[in-house]
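Novice: sequence unknown, structure follows:
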């Protein structure tokens, strides 16, 4: 009896194992994309990542292809990269205003894309609260790519490389607006600049010249008065919008000619004339400057701040020289310019991981 029972249970065990094996073979494999390890430069604060869109190697690579994909435009002639060029720190230098598929110009200078993983509120007026939402708008903007998402999705579905890439990034070959914008946002969050001459000096790997060092001292003190909005310490080495200070009125216009700025989003008159504070990283290659691209070079920008700006009801209180001037010496102006040039990160401007995958 015991022998028969043993044989019985052995047979049962084999049947169960076989059944489990059959079920496993028929089951859909679990989607496990590769986590992307974001390299945070020394001295930077923790990034502000989206928990609903975790970075993955597959998602970032898909986003890179989509960033350079001209099928996102109505006539297949423009991509995100057409107005955000890597060699100009993903700005549209030297153009004051970018032109869309119909040759029409916008009214704002294209912002450069750098260290987006630390930022919130996108566009000059901050109308998009996330990179995912920001990525949605250029496709349908009549002054930019000027198409419909339905058309874009159909073109991507008909492009052989994309269904497998979407499956690797998101688990299935389904191509949706949400997945496209998530992938582009993932790629943009990897565009990190933190290896300029200034960064190397901070790490003890390079030396600043006497002029550059004096410029940094001016920049970080009340004499230069740049540090309130762009300071190394006050912005966590981002040199732009950070924490609670994201938008400001820097005195570009008096009340009579002041544009709405951030007020278009909030409806608050106190936000009139306020625009997002751009990062000064790679500032030497992101000309022309300010939201309307009015200044062609950094010398003009320095002269504007030396003038002090125009007084108004909403001007930043730190613009203490508005209507008076700062009276910098020529040496001080040259020093500020020399320091700003140390923020150029050549590695960022040439990194093949950020370049057009179609040219590889």
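Specialist: Nice, I can see it. Predicted model only: the values in this text are computed from it and were never measured.

Novice: Apart from its chain neighbours, what residue comes closest to residue 43?
Specialist: residue 237 (4.5 Å; Cβ to Cβ, 6 or more residues apart in numbering). Bear in mind the C-beta positions are built from the backbone N, C-alpha and C, glycine included.

Novice: Check residue 236 too.
Specialist: Nearest-residue entry for residue 236: residue 45, 4.1 Å, with adjacent residues in sequence omitted and distances by Cβ to Cβ, 6+ apart.

Novice: Quick one: the strands in the stretch 151-300 of the chain, in order.
Specialist: Along the stretch 151-300 of the chain, counting by DSSP state E, counting those that start in this stretch, strands occupy 247-248, 275-276.

Novice: coming back round to it: state whether the residue nearest to residue 236 is indeed within a strand.
Specialist: No. Per DSSP: H, G, I helix; E, B strand; the rest coil, residue 45 lies outside any strand segment and is coil.

Novice: how much space between it and residue 197?
Specialist: Separation of residue 45 from residue 197 (Cβ to Cβ, to the nearest Å): 22 Å.

Novice: and residue 34, which of the strands of the stretch 151-300 of the chain is closest to it?
Specialist: When the strands of the stretch 151-300 of the chain are compared by Cβ to Cβ, strand 275-276 sits nearest residue 34, at 33.1 Å.

Novice: What are the contacting residues of that closest one?
Specialist: For strand 275-276, the surrounding residues in contact (Cβ atoms under 8 Å, 6 or more residues apart in numbering) are 111, 121, 123-126, 241, 246-249, 261-262, 290-291.

Novice: Quick one, which of those residues are buried?
Specialist: In terms of neighbour count (16 or more other Cβ atoms under 10 Å), the buried residues within the contacts of strand 275-276 are 111, 121, 123-126, 241, 246-249, 261-262, 290-291.

Novice: residue contacts, residue 49?
Specialist: Contact partners of residue 49, counting by Cβ under 8 Å, 6+ apart, are 38, 55, 117, 189.

Novice: Of all pairs in the residues you listed, which one is the farthest apart?
Specialist: Longest span within the contacts of residue 49, Cβ to Cβ: 55 and 117, 8.6 Å.

Novice: Mutual contacts of the two, please.
Specialist: Common contacts of residue 55 and residue 117 (Cβ under 8 Å, 6+ apart): 38, 49, 189, 190.

Novice: Please narrow those residues to those residing in helices.
Specialist: The members of these that map onto helices under DSSP state H are residue 189.

Novice: Touching, residue 85 and residue 94? I think so.
Specialist: No. With contact defined as Cβ atoms under 8 Å, residue 85 does not reach residue 94; the gap is 10.3 Å.

Novice: higher neighbour count, these two?
Specialist: residue 85 (17 against 13; other Cβ atoms under 10 Å).

Novice: Need the per-residue pLDDT for the more buried one.
Specialist: Note on residue 85: pLDDT of 98.

Novice: which regions of the stretch 1-150 of the chain sit below the pLDDT cut-off?
Specialist: 1-28 (pLDDT under 70).

Novice: residues touching residue 304, list them.
Specialist: By Cβ under 8 Å, 6+ apart, the contact list for residue 304 reads 252, 295.

Novice: Just say helix, strand or coil for it.
Specialist: Of the three states, residue 304 takes helix according to three-state DSSP.

Novice: from here on, count from 596
Specialist: Renumbered: residue one is now 596, and that last one reads residue 899.

Novice: got TSV for the shared contacts of residue 650 and residue 712, with distance to residue 910 too?
Specialist: Shown next, in TSV, are the shared contacts of residue 650 and residue 712 (distance: Cβ to Cβ, whole Å):
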residue	distance to residue 910
633	37
644	34
784	33
785	36
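
Novice: Just the ones in helices from the buried ones among the contacts of strand 870-871, please.
Specialist: Nothing among the buried ones among the contacts of strand 870-871 maps onto helices, per DSSP H.

Novice: picking up where we left off before, right, and the strands of the stretch 746-895 of the chain - which one's nearest residue 929?
Specialist: strand 842-843 (26.0 Å).

Novice: and the gap between residue 705 and residue 720?
Specialist: Using Cβ to Cβ, which is the criterion applied here, residue 705 is 14 Å from residue 720.

Novice: actually residue 759, not the one I typed
Specialist: Computed with Cβ to Cβ, the distance linking residue 759 and residue 720 is 38 Å.

Novice: Please parse the chain into its domains.
Specialist: Listed by automatic domain parsing, the domain ranges of the chain are 652-788, 792-939.
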